[in-house]
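Q: Sequence and predicted structure, then a few things I'm wondering about:
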Amino acid sequence: MHKHHSALGLAACPVKTANSLEIARQRPVQPVTLIRPHAARRAARFFVEKFKGRSLYAVKANPSPELIKLLWESGITHFDVASIAEVRLVADVAPRATLCFMHPVKAEEAIREAYFTYNVRTFSLDSLEELEKIMRATDQATDLTLCVRLRVPNDHAKLSLGAKFGAAPHEVKALLFAARQAADALGICFHVGSQTMSPSAYVQALGRVRNAIVEAAVTVDVIDVGGGFPSIYPGMEPAPLEAYFDAIHNAFEALPVSYSAELWAEPGRALCAEYASLLVRVERRRGDQLFINDGAYGALFDAAHVAWRFPVALVREGGSDAKDMAFSFYGPTCDDMDHMAGPFMLPADVDVGDYIEIGMLGAYGCAMRTGFNGFTAGETVVMSDEPMASAYVEALPERALPSNVVKL
Ligand SMILES: *Cc1c(COP(=O)(O)O)cnc(C)c1O
């Protein structure tokens, strides 16, 4: 048995298993995390080969060391980190990786440690105060890549990241000018919001970038379009990722700095959504409500708090002939908020003792687990089957398509 260490506290990692039914037969009491390294490798290769620029992995989407390592091995050389703990983690797991500290509001101590101990040279900022802080913390370094974060519309995103960070249009000119004076390389970055459903969001944001460049009359070395690349979930049908890449590339080429600037992106979700799913057990059924052994304080935060719908499948010997019906889930803690409205479509005869696989939890699922009320994850098992949906495979085998997954 291969033991491994993890920032997420993942337990032992048993031998490779072909499918979730084999695991369900062992009747695990705690939720089992099913990981699919091949799916994350495929996603990384896709970005490395098809995005016409540099792809930084946004570590917050899933900071598991195994994942960081395999992304590095698959050609992801740059990592978007947002805290000193993420800096230390990636430096430990992938010592030759380049780290970019892309949180616009950082602790001065974190900047100093990142710069002097971990050789971090790229920082983002959205205010003059943060610029002064970065310069102070690095003893007025002259080798910095400073990325000014612009506020852009998040209208096309399922999860907005538009309100908290980003310089407003009237602040941008002075900020770009000051950052240009201080930086060795100047970047402009933004985030159109997570699970962005239309490539036009990036085109619109790059329009803002163009205005900012023209107004400030500065040369720019990096254009960073951030994250937001979508994955596939029930009821969400994004265009193929190539359509996003093409739209971004065309809009980038039209910028006055494209001849000399590098194009960067910071995918989080798209690189890891397919990496993990969860096998849970039904502990009680009350009508159309299933009480399961994981929930809002486990890997299902988004299912509970932003009504995210994840694909589900019954994992039972012989399956079920019953018609699908809509269920909601309650998690294991004693808290009313530990509720996932769904709807989750499952055979009408689901009952106590059944196992359910909940798919596409590699991004912002496993990463958000807590130990509240004593409930946490059990084993992690490496799978060789396909995820329930994929943005990278044309046709998935039959099992991978439960009725509530939207096929492109
Ligand atoms: C969260 C985040 C990302 C990743 O976003 P996804 O929607 O997961 O692709 C990238 N960059 C920054 C600055 C972020 O905060």
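A: Arrived safely.
Q: Report all helices and strands that the lowest-mean-pLDDT helix or strand in the chain contacts.
A: Lowest mean confidence among the helices and strands of the chain (mean pLDDT, DSSP states H and E): strand 157-159, at a mean of 89. If you count contacts as 3 or more Cβ pairs under 8 Å, 6 or more residues apart in numbering; DSSP states H and E, strand 157-159 packs onto strand 194-196. Quick note: C-beta positions are derived from backbone N, CA and C, even for glycine.
Q: and the strand it packs on, which strands flank it?
A: strand 157-159 (antiparallel) (DSSP bridges).
Q: Show me which positions of the helix or strand that the partner strand is followed by end up buried.
A: Sequence order places helix 169-182 as the next helix or strand after strand 157-159, per DSSP states H and E. For helix 169-182, burial by neighbour count (16 or more other Cβ atoms under 10 Å) applies to 171-173, 175-176, 178-180, 182.
Q: what do you get for stretch 256-272?
A: Here stretch 256-272 shows 257, 261-272 as buried, counting by 16+ other Cβ under 10 Å.
Q: Widest-spaced pair of those residues?
A: Pairwise distances across these (Cβ to Cβ) peak at 30.9 Å, for the pair 257 and 272.
Q: near the ligand, which residues of the stretch 251-400 of the chain?
A: 266-270, 363 (Cβ under 6 Å from any ligand atom).
Q: Spatially, which two of those residues are the most separated?
A: For these, the maximum inter-member distance is 13.0 Å, found between 266 and 363 (Cβ to Cβ).
Q: Counting only strands, which of the buried residues of stretch 256-272 make the cut?
A: Among the buried residues of stretch 256-272, DSSP state E puts 262-265 in strands.
Q: Tell me the one of those residues nearest the ligand?
A: Closest approach between these and the ligand, by Cβ to the nearest ligand atom: residue 265, at 8.5 Å.
Q: Contact partners for that closest one?
A: 47, 51, 53-56, 224-227, 229, 248 (Cβ atoms under 8 Å, 6 or more residues apart in numbering).
Q: So what pairs up with it in the strands?
A: Assigned bridge partners for residue 265, using DSSP bridges, are residue 55.
Q: What's the separation between it and residue 303?
A: 27 Å (Cβ to Cβ, to the nearest Å).
Q: angle of the helix ranked longest in the chain against helix 169-182?
A: When the chain is scanned for its longest helix (criterion: DSSP state H), the result is helix 200-216. In terms of direction (axes from the mean of the first three to the mean of the last three Cα atoms, to 10 degrees), helix 200-216 departs from helix 169-182 by 70 degrees.
Q: all helices for this protein, in order.
A: Counting by DSSP H, the helices of the chain are 20-24, 37-50, 65-73, 84-93, 108-118, 128-137, 169-182, 200-216, 241-253, 269-272, 301-305.
Q: Show residues contacting the shortest one.
A: Read that as helix 269-272. By Cβ under 8 Å, 6+ apart, the list of residues contacting helix 269-272 reads 40, 43-44, 47, 55, 57, 61-62, 67, 71, 76, 194-195, 227-231, 241, 362-364, 391.
Q: quick one: average confidence on it?
A: Averaging pLDDT along helix 269-272 gives 98.
Q: Near the ligand, which residues of the stretch 1-150 of the chain? Just list them.
A: Residues of the stretch 1-150 of the chain lying near the ligand (Cβ under 6 Å from any ligand atom): 58, 60-61, 80, 102.
Q: what about residue 286, how many neighbours?
A: 8 (other Cβ atoms under 10 Å).
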